[in-house]
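J.: any chance you can model this:
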Amino acid sequence: MTKLTTPEENNQGGLGKALQSPMQRRAFFRYAGGTAAAAALLLTACNDDDDIDPMPPTMDGVDLGSGDIGILNYAYALEQLEAAFYTEVVAKSAGALSSDEMKVMMDIKAHEVAHREFFKAALGDKAISGLEVDFSKINFSDKNSVLTTAMTFEDLGVAAYNGAGKLFTDSGNGLTYLLLAGKIVSVEARHAAAIHDLMGNNARKFGEELIDMNGLDRALMPDKVLAAAGPYIKTKINYSNLPK
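T.: Residues are numbered from 1 along each chain as shown. Below you'll find the predicted structure:
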């Protein structure tokens, strides 16, 4: 069982400190503002996928909150999970992966840590606490175990952002958050493509289970996403107050 946020990651190359500054936050939001049409289409046009049983809501555990803040905390929780996973991969999987594969993992780790720290800074005192993970079912010394888990997390991350986009309010900060999510989901999709490439013949065929008949990527609502991620998250999460 591992704590998701570590001082070492927060200080990596000054990344955590930079992303927590107000100027960096405002610059990131301005940068996100250039993709309004694409983000709105990407995050609201997809239908929910039905291949994952939803997780029943619980009133126990960490409360993600309500409204736009709740959705941001939901994204923050997922980014914590991904950042923690790739941190473990970089620390423990050098013997299982080639040097080129490890470079990909290091790049993805940097991105996921950046996403995590950005949400933490943007949420401020409304951010949920650091969650705890359970990676006991992952063999970090086995290439297939590492890549299969990475593929699962990245495909799930894309579907999570696609599903969450429509839950933001349609004005004010909600629109800004939607634009930001559009920038992040595109990065998650690049990660997914890279991992699929590393998996080679063991990866899902292109589009299988991920893209519908309209050529749109799948979207999952929080109850299904948290059900899929649940085995890797030790902390109980209360999402009952999220927008429906």
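
J.: any weak-confidence spans in the chain?
T.: Across the chain, the ranges flagged by pLDDT under 70 are 1-59, 205-208.

J.: strands along that one, start to end?
T.: Here the chain has its strands, by DSSP state E, at 2-3, 62-63, 132-133, 237-238.

J.: can you put the ones you listed in JSON lines and add distance to Ala189 and mean neighbour count?
T.: Where C-beta positions appear, they are placed from N, C-alpha and C, glycine not excepted. As requested, the strands of the chain are exported to JSON lines (distance: least, C-beta to C-beta, whole Å; neighbours: other C-beta atoms under 10 Å):
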{"stretch": "strand 2-3", "distance to Ala189": "27", "mean neighbour count": "14"}
{"stretch": "strand 62-63", "distance to Ala189": "27", "mean neighbour count": "16"}
{"stretch": "strand 132-133", "distance to Ala189": "23", "mean neighbour count": "18"}
{"stretch": "strand 237-238", "distance to Ala189": "24", "mean neighbour count": "20"}
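
J.: figure out which of the ones you listed is closest to Lys126.
T.: strand 62-63 (10.9 Å; C-beta to C-beta).

J.: quick one on the thing from earlier: okay if I get the strands of the chain as a markdown table plus distance to Ser171?
T.: Conversion of the strands of the chain to a markdown table gives the following (distance: least, C-beta to C-beta, whole Å):
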| stretch | distance to Ser171 |
| --- | --- |
| strand 2-3 | 37 |
| strand 62-63 | 25 |
| strand 132-133 | 36 |
| strand 237-238 | 27 |
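
J.: so which of those strands gets nearest Ala203?
T.: Among those, strand 132-133 comes nearest to Ala203, with 24.1 Å by C-beta to C-beta.

J.: now do the closest one: which elements does it pack against?
T.: Judged by 3 or more C-beta pairs under 8 Å, 6 or more residues apart in numbering; DSSP states H and E, strand 132-133 is in contact with strand 2-3, helix 67-92.

J.: what about 7 Å?
T.: Judged by 3 or more C-beta pairs under 7 Å, 6 or more residues apart in numbering; DSSP states H and E, the packing partners of strand 132-133 are strand 2-3.
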